[in-house]
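Asker: below are the sequence and a predicted model; questions follow.
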2 protein chains.
Amino acid sequence: MFESAKFEHRLDKAAFKALEPSLREDLLNAQFQLIDQKRRSLIVLIHGPDGAGKGAVLNRLYGWLDVRKLQTLTFDMPCATEDRPPMWKYWRELPPFGQVGIMLGSWYHAPLCKRALGQSGRAAFSSMLDEIQRFEAMLHAEGVSLLKIWLYLDPQEARRRLNALSKGAYQRPVVREWAELESAHARERLDVATEEAARATSTEFSPWHVVPAADGDYRDAMAGSLLLEKLRAMAQEPEPAPQPLPPNPTRVPGALPPFSILSTLDLSKRLPDADYARELEWEQSRITRLTNTSAFDRAGLVIAFEGSDAAGKSSTIMRLRQALDPRRFRVHAIAAPTDEERARPYLWRFWRHVPQHGRTVIFDRSWYGRVLVERVEGLCGPDDWGRAYGEINDFEAHLRRAGYVVAKFWLAISQAEQARRFEERETIAYKRFKLTPEDWRNREKWPLYEAAVTEMVDRTSTRSAPWTLVEAEDKHFARVKVLRTIADSLEEALG
Amino acid sequence: MFESAKFEHRLDKAAFKALEPSLREDLLNAQFQLIDQKRRSLIVLIHGPDGAGKGAVLNRLYGWLDVRKLQTLTFDMPCATEDRPPMWKYWRELPPFGQVGIMLGSWYHAPLCKRALGQSGRAAFSSMLDEIQRFEAMLHAEGVSLLKIWLYLDPQEARRRLNALSKGAYQRPVVREWAELESAHARERLDVATEEAARATSTEFSPWHVVPAADGDYRDAMAGSLLLEKLRAMAQEPEPAPQPLPPNPTRVPGALPPFSILSTLDLSKRLPDADYARELEWEQSRITRLTNTSAFDRAGLVIAFEGSDAAGKSSTIMRLRQALDPRRFRVHAIAAPTDEERARPYLWRFWRHVPQHGRTVIFDRSWYGRVLVERVEGLCGPDDWGRAYGEINDFEAHLRRAGYVVAKFWLAISQAEQARRFEERETIAYKRFKLTPEDWRNREKWPLYEAAVTEMVDRTSTRSAPWTLVEAEDKHFARVKVLRTIADSLEEALG
């Protein structure tokens, strides 16, 4: 990976001076296209050994670009972020479309450090790289381009410069990304790990670029040229074509009838009134107790509610609410995205609500909107919802690995019961607001939703974050089943 | 304050049952007006002794309102928030216009606790209440209404209920807001402090409402009625009239000519080229050193840059950037607000960027936009910018008190120099983007800006957060003066 960078690369002062004005102008023009199009954002990752000039490149790019649409994205592990999944801090900082972010200390930092310190084995390291690659593919597909720059400097030269910096007459800020790696052995391992990482994560849409950093002017001019090339390529990407509405499925003669996982549910399940209050109170009490343990303070709870209209999501959430300390949970009802949300990848608006450890967050409709309503209504294309299953599995895996319990419920009722509840809503004054003409219209798409739910459950019900399909024809039965499932999951996870 | 609440207030089950459906319907209708108008938000503060049913009222309101536009705002001092000014966490949670937030543990909590524990004297307590009153007046003026409810329960009865709750067969979540106040003496002092606080902060636009809480149905029905009344009053508030553009000031014959504080500056100040590099490097080095001290980790730095177009803000910020560790500062260029920002009080978009302790944030244009461009261009009315001076002083006082160094710079150039720089921008390719036709037009308003700057400096240059007017005709002089001022302020503050 670094073979050619080891040779000498220089740019003399005069050549640099001659090149700079036009590079600067071209960069600005390209950046303005990005700003005007507002279709994508760009993150420039700058890595390299301490002493190679990461901060210097950053400052140079600040001198060249329009700083009003430029952000520095940096991370140094304050307590505020580390009580959430490690990826949360990167999600939080994603710049909106139209902007450029320059990132020091990216998601490569922790895997490389761990590997260099011998804290993760070969297989674990390789699986972290796979994960990064999937993450970057998601970013790319969702409108975030990446330019990945590795500054190469001979290790001995890097150390010499670092020492010189701290001994000069004037104090200079130094970005010490690898300060933990003090031993020569660790630094050697870092080199090996870096090469592996750079090869494994060099995809067609975001390869690593190795920039020889011995000569500052050469280094900066090359970083600037790479940036220009990237910005221009982004401007030339065709605008995504509008998505056609999916056709109503027509039965192919002789084909097998479509299978609906919801058809397997026994909707006649009932909970006798006599048992309801006691069982509800019991399950609530279990949840109260389990979320007050010290084990829960290191975990957390993320719950997604989905289901047909009028299936009883709100009233179930109400029963759950009664079991939780109001200071330690939030409910987010998912509606139309805000413009800050629209200007970032789809999952951003869920990541931003991921709670600290020890907290609960309940989503009334969730990230599954992508493979349900957005799929059925054609709000996104087959490419988008098609890749969403994997992205969602990754999202939930991040939560699970950080210790959160993830519970997902589909509340199922029959079409007849839904009609009955809609009619009830029309007659009871304080329920009227819950019904819109759209709700009636949506009923026509019932088979499409059944197909979408079936595929969703098949593809996203994982061992660590399983779907629970809830027979919700009887509200009492449904509420107790949901609460019991949550209590059971907590019990199992907290041990 | 609690006199009449000490008498018995009851509502029998039948009366409550009779009342509930229409209350619920009225509440929903009123809430939908709030949602549709999207002009204001409402925060319901629920306080009272532990055991009085704060959580129960919250849950009841959740049962009555449309939960999709309802948020719980609660605070229990996680590490994430307390490394910022205490008010930051309340700002962060402000619901957008159109929504209702129910708050447990508001900005009254800390002052009352401190007073009850004898940690703050009479004068300090009283000044905290003044501050709260100003804060609430600002919220009201900026579109956030408050409904402040104090649940009254006889202290002995409250303790009895609390004990019963924790001894029941089923575990119940209990909101223990005053757990720190264990001694009878402290609880006694809390009562006294509460009465004083409730009287002092009962303003015409947001009085405290004392709700007798001995009978749960009465309590909830009264809370619901107060909420209904408030929502209806909000819906009837007239829409703010559009603001007329301020007229160009005409000279009153015989009147004194307007004074401009900028006219006092000696714009001929120069820094010899020979000294520039050395002095710049020296001041940068001081800033690097001071922001790397452990004292700075408990402080922080907030810098606002204002000035005429082309006065050199960006290039000055660039020199500051070179002195700072890129991982520990951010620059925010203030442009048009996003819709999430527009749906909240003006200062929200600055509060959200207040850094953690030990960090620096630089605003390229700032909260002073309200009394500069918004005033001059008529983007807000005289009432709005007229009260902004006080609100800004309060904002900066919060920062200062939390240990942050606040530095504010006005970069001043002459009209002739500005014209020269505009022309230069037109000819140098990579500077062209910095100039718009609007910039030329703005020059016509120069006298209006001079008047606005003069009033701004007079009214917001405080001892702890003074304005520095910078003679910026010579860029080198200006940069060194700015950096020296910052270094001096840091040195003084960090001791």
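Answerer: Yep, it's here. Numbering: from 1, shown residues only, chains lettered A, B, ... in the order given.
Asker: apart from its chain neighbours, what residue comes closest to residue A:96?
Answerer: Ranked by Cβ to Cβ, 6 or more residues apart in numbering or on different chains and with sequence neighbours excluded, the top spatial neighbour of residue A:96 is residue A:343, at 3.6 Å. For every residue, glycine as well, the C-beta is placed using N, CA and C.
Asker: for residue A:35, same thing?
Answerer: Leaving out its chain neighbours, residue A:35 is closest to residue A:98 (Cβ to Cβ, 6+ apart), at 4.9 Å.
Asker: for chain A, what spans make up the strands?
Answerer: Assigned by DSSP state E, the strands in chain A fall at A:41-47, A:70-74, A:100-104, A:144-152, A:208-212, A:301-307, A:329-333, A:360-364, A:405-412, A:467-471.
Asker: look up how far residue A:467 lies from the residue positioned nearest the centre of chain A.
Answerer: Most central in chain A under Cα atoms, centre = their mean is residue A:347, positioned 5.1 Å from the mean C-alpha point. Distance, residue A:347 to residue A:467, by Cβ to Cβ, to the nearest Å: 18 Å.
Asker: please apply the same query to residue A:305.
Answerer: Distance, residue A:305 to residue A:467, by Cβ to Cβ: 12 Å.
Asker: what's the overlap in contacts for those two?
Answerer: Counting by Cβ atoms under 8 Å, 6 or more residues apart in numbering or on different chains, the common neighbours of residue A:305 and residue A:467 are residue A:409.
Asker: which one's more surrounded, the two?
Answerer: Set side by side, residue A:305 and residue A:467 show more neighbours around residue A:305, with 27 against 20, by other Cβ atoms under 10 Å in any protein chain shown.
Asker: surely residue A:327 touches residue B:104?
Answerer: Yes: taking Cβ atoms under 8 Å as the definition, residue A:327 is a contact partner of residue B:104 at 6.3 Å.
Asker: which residues are in contact with each of these two?
Answerer: With Cβ under 8 Å, 6+ apart as the test, residue A:327 and residue B:104 both reach B:74, B:75, B:175.
Asker: residue contacts, the closest residue to the first one other than its chain neighbours?
Answerer: Nearest in space to residue B:74, with sequence neighbours left out and distances taken as Cβ to Cβ, 6+ apart, is residue A:327 at 3.9 Å. With contact taken as Cβ under 8 Å, 6+ apart, residue A:327 is in contact with B:74, B:75, B:76, B:104, B:105, B:175.
Asker: distance of residue A:327 relative to residue B:204?
Answerer: Distance from residue A:327 to residue B:204, by Cβ to Cβ: 31 Å.
Asker: residue A:264 too?
Answerer: 62 Å.
Asker: between these two, who's got more neighbours?
Answerer: Shown here are residue A:264 and residue B:204; by other Cβ under 10 Å, residue A:264 has more neighbours (10 against 6).
Asker: quick one: the more buried one from residue A:270, how far?
Answerer: 18 Å.
Asker: contact residues of the stretch 101-250 of chain A facing chain B?
Answerer: Taking Cβ under 8 Å from any Cβ of the partner chain as the contact definition, the stretch 101-250 of chain A meets chain B at A:104, A:105, A:169, A:170, A:171, A:172, A:173, A:174, A:175.
Asker: neighbours around residue A:95, how many?
Answerer: Neighbours around residue A:95, by other Cβ under 10 Å: 20.
Asker: just checking, it touches residue A:44?
Answerer: No: Residue A:95 is not in contact with residue A:44 according to Cβ under 8 Å; the separation is 10.6 Å.
Asker: what residues are shared contacts of those two?
Answerer: Common neighbours of residue A:95 and residue A:44 (Cβ under 8 Å, 6+ apart) are residue A:101.
Asker: Throw the shared contacts of residue A:327 and residue B:104 into a markdown table and include neighbour count and pLDDT, thanks.
Answerer: What follows is these, written out as a markdown table (neighbours: other Cβ atoms under 10 Å in any protein chain shown; pLDDT from 0 to 100):
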| residue | neighbour count | pLDDT |
| --- | --- | --- |
| B:74 | 21 | 88 |
| B:75 | 19 | 82 |
| B:175 | 23 | 82 |
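Asker: closest to chain A among these?
Answerer: residue B:74 (3.9 Å; Cβ to the nearest Cβ).
Asker: report the contact partners of that closest one.
Answerer: A:326, A:327, A:328, B:103, B:104, B:105.
Asker: again, but for residue A:457
Answerer: Going by Cβ under 8 Å, 6+ apart, residue A:457 touches A:261, A:410, A:467, A:469.
Asker: distance of it from residue A:414?
Answerer: The span separating residue A:457 from residue A:414 equals 18 Å under the rule Cβ to Cβ.
Asker: kindly report the same for residue A:392.
Answerer: Computed as Cβ to Cβ, the residue A:392 to residue A:414 distance reads 27 Å.
Asker: these two: which has the busier surroundings?
Answerer: Between residue A:392 and residue A:414, counted using other Cβ under 10 Å, the more crowded position is residue A:392 (25 against 15).
Asker: what about residue A:437, how many residues nearby?
Answerer: 7.
Asker: quick one, helices of the stretch 101-250 of chain A?
Answerer: Here the stretch 101-250 of chain A has its helices, by DSSP state H, counting those that start in this stretch, at A:109-116, A:122-141, A:155-167, A:184-200, A:216-236.
Asker: counting neighbours, which bits of the shortest one end up buried?
Answerer: Of the residues in helix A:109-116, A:109, A:110, A:111, A:112, A:113, A:114, A:115, A:116 count as buried by neighbour count, 16 or more other Cβ atoms under 10 Å in any protein chain shown.
Asker: skipping its backbone neighbours, what lies nearest the third one in space?
Answerer: Leaving aside its chain neighbours, residue A:111 sits nearest to residue A:128 (4.2 Å; criterion: Cβ to Cβ, 6+ apart).
Asker: pretty sure that neighbour sits against residue A:113.
Answerer: No: Residue A:128 lies out of contact with residue A:113 (Cβ under 8 Å); the separation is 11.2 Å.
Asker: shaky segments in the stretch 151-300 of chain A?
Answerer: Counting by pLDDT under 70, the stretch 151-300 of chain A shows low-confidence ranges at A:242-253.
Asker: swap in 80 and give it another go.
Answerer: The stretch 151-300 of chain A contains residues with pLDDT under 80 at A:166-169, A:239-257.
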